[in-house]
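> after the sequence you'll find the predicted model.
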Amino acid sequence: MQLIQPLTRQQMNNIAKTKTDYFNDVLENRATVVLPDEGEQLLLKDIEFTFKVTSEMSNDQLGVYKIILNPMAIGAKLHYHRFMDETFIVDKGELTIQLGEEVFTAGKGSIVYVPRFTPHGFQNDTEEKVELTLLFNPSQKREGFFWGLQETLSEEPIDPKKYLKLYNKYDSFPVDTSNMIPKRD
């Protein structure tokens, strides 16, 4: 049988110092300010991304991205997410967005909230650039999806299996896998 030794005064003091305080908030400034021309940029053929608030910054709770769709660019074919919601804020131009079977034109100032399990796709059907702010919550490390998209879409020919694997890894599920790669029909 082993005898339990009482704690020394030093051990008790150490425990008291590390004890969780359940009654007081610990305040610290962990804010990030991203100015209009700042953020990590990523270029695809017809789309420009600027990462404003990343998964790393928000502990995977929020992703905020500035997107520029060049004329006639396809952002994404019809797909849905299981674990995240997506919000489109149109800053300039007219965004064509499909929600289920319905197609809408969202002009400057429009906000389109797309909860999980809602099929959606978007594109620029005009000869002018479309600028939008895109939010994902939670963000689910969404930046990895965009980097993988850049790699996958730069390959000729595009490998549909690799494309689908990337989509699924980052909580995106094409409604029609035979028509999932962004290209004009």
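Noted; the coordinates are in hand.

> beta partners for residue 80?
Bridge pairing for residue 80 (DSSP bridges) gives the partners residue 173.

> now swap in residue 111 and tell me
With DSSP bridges as the criterion, residue 111 is bridged to residue 89.

> quick check: it touching residue 86?
No: here residue 111 lies out of contact with residue 86, judged by Cβ atoms under 8 Å, at a distance of 11.5 Å. C-beta: built from backbone N, CA, C; applies to glycine.

> looking at those two, which is more packed in?
residue 86 (22 against 11; other Cβ atoms under 10 Å).

> am I right that that one is in a helix?
No: when classified by DSSP: H, G, I helix; E, B strand; the rest coil, residue 86 is found to be strand rather than part of a helix.

> show me where this structure has helices.
All helices of the chain, identified by DSSP state H, fall at 9-18, 55-58, 142-153, 160-169.

> can you list the weak-confidence ranges in the protein?
Residues of the chain meeting the criterion pLDDT under 70: 1-3, 15-18, 184-185.

> next, the distance between the ends of stretch 126-145.
By Cα to Cα, to the nearest Å, the extent of stretch 126-145 from end to end equals 26 Å.

> hmm, who's touching it?
40, 51-52, 54-55, 58, 60-73, 83-95, 124, 166-167, 169-172 (Cβ atoms under 8 Å, 6 or more residues apart in numbering).

> cheers, nothing more for now.
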